[in-house]
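Novice: Sequence isn't available, so here's the structure alone:
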């Protein structure tokens, strides 16, 4: 019997010789489904004359199931509808590879909440793509989606901010229902203190900074609670509401806040403000979530945070289960051998969780998950597939895959509620290009015990095999892995206007922030980058994807071509900064300018399937205008 691939991998499978012959359709027997819709299982054909699938209720953990396949048909035993849906997804995956094998599968997740992140802030995916994306993550057995609407949500007139391509209330309701019947729980995310650039221009009287509300002003919490009410009105079944509240580094700016910060601590400022909002959410019978970085930066804030709050322990730097440096929130990353340089106050609070003081050279990844659990909070670990440091063309998988892996395994080992794979739109990579990391998160969260170091090394090829139909495709995508070098990073500044997109730090300012000696370059690093990009772009040309993955591969090939072109433009423009009349390089610049126009036209054709018209216009401008203008100037063109 041919080997069968199931994604995510199952806990245990015992197959015998022989297969179940019959149609590709399935006839469900047994009234198990009341709230979820089995007809939405991707790849599952329901047919009254198909192979009989008997659904039985049996006591077992939630979402666990046993799938038994015999010559007479299939039997699914489970305790709940989600478990039945997961069994049908496994069945659909097996059926897509030929006749069903005779045997039995026992399966179930290692984590209760397995969440993905949909960020609508700046790079707004098209609605058809969003629905397809949900179908795909559901087929990977994710069961939650953290949705960061920002100004795409139809807030009431009292709140006011609405983007040009804002969703309607009807669209939000349709979206939530689309997720619900697929077993995907929508967890809305709203910012409640910082990262409120989209809101503060409308309410300057209560703004501490252009990005943050004043935590000392009670009107700030009153406004946020109006937002909470707006959100919950269109998410009436949500068990959780994520309140954001990360990276509020400007605490204590105004006179009133500064006085509180000086006498009582910044954590008191933060905690009092968040308590007003958390209490309001709890009154609605909804559990709040917050990012954990600020309470870890200012531990006095813990005194104000209700223990019903779920702490989301995000850390995008761990590259495995053990690390050689620890991120101390508020202080930055510290090499393990420099632990004594950390202020004594922080060492006393955090030292036992890093385990550095035991004499071991290594520290545990996500060391503060255990600390948060010991303080009595439920915890969700959070990794990233798009974050600071990525080039804007594609993710750096050498960085993100180990991070996703470490977050999921830590969550299981520390008894956490779940894990979340974040994906930050402001980093510009198209969501479709993050699917490798999202798939990795799905398998790690479902079966963390099999996701060992060997699994991590093999996963890019496995992704290529399962989702593209060619192991080499996954390796080629992984082969593009590089960190940003300033010219190809998205360093942001304030909003361009009310409800508008982000303004970007000008290109040469970005370059000089990372490469202060520009136009002098490290040609060793740039040569290595060009070689990597060229090799991966060439490999992607030779990939033989299955039909359903063809557009994905074409999009990745476009990313490789764009990254390679931008690397050459960077090198040529640096040379022209030093030697403006270099004739050979001017010829190169002319050739590159023609290529830039071709790739922009290619991008416009391909990206329109993934982005809204407004987002597409913004993306094309950001990606190509600066290089176009710089090359025109170098070539003396208008």
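Specialist: Now that the structure is in, tell me what you want to look at. None of these values were measured; they are calculated from a predicted model.
Novice: And the closest residue to residue 554 other than its chain neighbours, which helix or strand is it part of?
Specialist: Ranked by Cβ to Cβ, 6 or more residues apart in numbering and with sequence neighbours excluded, the top spatial neighbour of residue 554 is residue 606, at 6.7 Å. For glycine as for every other residue, the C-beta is placed from the backbone atoms N, C-alpha and C. Using DSSP states H and E, residue 606 sits within helix 583-607.
Novice: and the angle from whichever helix or strand comes after that helix to helix 583-607?
Specialist: Next along the chain after helix 583-607, taking DSSP H and E as the criterion, comes helix 613-635. Using axes from the mean of the first three to the mean of the last three Cα atoms, to 10 degrees, one finds that helix 613-635 and helix 583-607 are set 170 degrees apart in direction.
Novice: Give me the contacts around helix 613-635.
Specialist: 122-125, 163-165, 392, 428, 501, 504, 506-507, 562, 566, 569, 573, 576, 580, 586, 589-590, 592-593, 596-597, 599-600, 603-604, 607-608, 611, 638 (Cβ atoms under 8 Å, 6 or more residues apart in numbering).
Novice: Report the rounded mean pLDDT for that helix.
Specialist: For helix 613-635, the mean pLDDT works out to 92.
Novice: buried sites along it?
Specialist: 615-616, 618-620, 622-624, 626-628, 630-631, 634 (16 or more other Cβ atoms under 10 Å).
Novice: Same check on stretch 180-188?
Specialist: Quick answer for stretch 180-188 (16+ other Cβ under 10 Å): 181, 182, 183, 184, 185, 186, 187, 188.
Novice: could you list every residue that touches the first one?
Specialist: With contacts defined as Cβ under 8 Å, 6+ apart, residue 181 is in contact with 35, 36, 37, 40.
Novice: Repeat the analysis, applying 7 Å as the threshold.
Specialist: Residues in contact with residue 181 (Cβ atoms under 7 Å, 6 or more residues apart in numbering) are 36, 37, 40.
Novice: Output the buried residues of helix 613-635 as TSV; include the columns distance to residue 308.
Specialist: Below are these laid out as TSV (distance: Cβ to Cβ, whole Å):
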residue	distance to residue 308
615	36
616	42
618	39
619	40
620	45
622	41
623	44
624	48
626	47
627	50
628	52
630	53
631	56
634	59
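Novice: and which of the residues you listed is nearest residue 343?
Specialist: The closest of those to residue 343 turns out to be residue 622 (Cβ to Cβ; 39.9 Å).
Novice: Distance check, the closest one against residue 230.
Specialist: 30 Å (Cβ to Cβ, to the nearest Å).
Novice: What is the one helix or strand residue 557 maps to packed up against?
Specialist: Here residue 557, judged by DSSP H and E, is contained in helix 550-578. Judged by 3 or more Cβ pairs under 7 Å, 6 or more residues apart in numbering; DSSP states H and E, the packing partners of helix 550-578 are helix 523-542, helix 583-607, helix 613-635.
Novice: Okay, buried residues for the second one please.
Specialist: This points to helix 583-607. 585-586, 588-589, 592-593, 595-596, 599-600, 603, 606-607.
Novice: Quick one: list the elements packing against that helix.
Specialist: Taking 3+ Cβ pairs under 7 Å, 6+ apart as the contact cut, helix 583-607 packs with helix 550-578, helix 613-635.
Novice: how much does the shortest one deviate in direction from helix 550-578?
Specialist: Using the same axes, to 10 degrees, the direction of helix 613-635 lies 30 degrees away from that of helix 550-578.
Novice: Next one, pLDDT for the residue nearest to residue 554 please.
Specialist: In this model, residue 606 carries a pLDDT of 97.
Novice: again with residue 426
Specialist: 87.
Novice: That one: what's its closest spatial neighbour, skipping adjacent residues?
Specialist: residue 122 (5.1 Å).
Novice: Equivalent analysis for residue 459, please.
Specialist: residue 440 is the one closest to residue 459 (Cβ to Cβ, 6+ apart), at 5.5 Å.
Novice: now swap in residue 50 and tell me
Specialist: Going by Cβ to Cβ, 6+ apart, residue 50 has residue 25 as its nearest residue, at 3.1 Å.
Novice: That neighbour and residue 44 touch, don't they?
Specialist: No: applying Cβ atoms under 7 Å, one finds residue 25 not in contact with residue 44, separated by 8.9 Å.
Novice: Counting neighbours, go ahead and name the busier of these two.
Specialist: Taking other Cβ atoms under 10 Å, residue 25 and residue 44 do not tie; residue 44 has more neighbours (22 against 14).
Novice: which residue packs closest to residue 33, ignoring adjacent ones?
Specialist: Closest to residue 33 by Cβ to Cβ, 6+ apart is residue 81, at 5.8 Å.
Novice: swap that for residue 274, sorry
Specialist: residue 245 (5.9 Å).
Novice: What is the nearest of the buried residues of stretch 180-188 to residue 313?
Specialist: residue 187 (15.8 Å).
Novice: Which strands or helices does the helix or strand where that closest one lies pack on?
Specialist: Element membership for residue 187 (DSSP H and E) is strand 185-189. Helices and strands touching strand 185-189, by 3+ Cβ pairs under 7 Å, 6+ apart, are strand 144-148, strand 240-242.
Novice: Could you export those to JSON lines, including columns for mean pLDDT, distance to residue 407 and mean neighbour count?
Specialist: Conversion of the helices and strands packed on strand 185-189 to JSON lines gives the following (pLDDT from 0 to 100; distance: least, Cβ to Cβ, whole Å; neighbours: other Cβ atoms under 10 Å):
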{"stretch": "strand 144-148", "mean pLDDT": "98", "distance to residue 407": "14", "mean neighbour count": "24"}
{"stretch": "strand 240-242", "mean pLDDT": "98", "distance to residue 407": "16", "mean neighbour count": "25"}
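Novice: With distance to residue 489 as extra columns, can I get the ones you listed in CSV?
Specialist: Listed next are the helices and strands packed on strand 185-189 as CSV, based on distance: least, Cβ to Cβ, whole Å:
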stretch, distance to residue 489
strand 144-148, 21
strand 240-242, 27
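Novice: Of all these, which one is nearest residue 6?
Specialist: Closest among the helices and strands packed on strand 185-189, using Cβ to Cβ: strand 144-148, at 21.5 Å.
Novice: Name every strand pairing with that closest one and say which way it goes.
Specialist: strand 113-119 (parallel), strand 185-189 (parallel) (DSSP bridges).
Novice: Relative to the whole chain's centre, how far out is that strand?
Specialist: 10 Å (Cα atoms, centre = their mean, to the nearest Å).
Novice: and if you look at stretch 124-132?
Specialist: Worked out by Cα atoms, centre = their mean, stretch 124-132 lies 15 Å from the chain centre.
Novice: what do you get for stretch 264-277?
Specialist: 28 Å.
Novice: What residues sit buried inside that stretch?
Specialist: 265-277.
Novice: How about residues contacting that stretch?
Specialist: 192-193, 215-216, 220-221, 224-225, 228, 243, 245, 248, 251-252, 257, 260-261, 290, 294, 298-301, 303-305.
Novice: hmm, try it at 8 Å
Specialist: 192-193, 213, 215-216, 218, 220-221, 224-225, 228, 243, 245, 248, 251-252, 257, 260-261, 288, 290, 294-295, 297-306.
Novice: how about the helices of the stretch 1-150 of the chain, start to end?
Specialist: Using DSSP state H, counting those that start in this stretch, the helices assigned to the stretch 1-150 of the chain run over residues 81-95, 127-139.
Novice: closest one to residue 48 among these?
Specialist: Relative to residue 48, the nearest member of the helices of the stretch 1-150 of the chain by Cβ to Cβ is helix 81-95, separated by 15.9 Å.
Novice: helices or strands up against that closest one?
Specialist: Using 3 or more Cβ pairs under 8 Å, 6 or more residues apart in numbering; DSSP states H and E, the elements in contact with helix 81-95 are strand 25-29, strand 51-57, strand 65-70, strand 73-78, strand 100-107, helix 127-139.
Novice: so that helix versus strand 185-189, what angle?
Specialist: Going by the same axes, to 10 degrees, helix 81-95 makes 110 degrees with strand 185-189.
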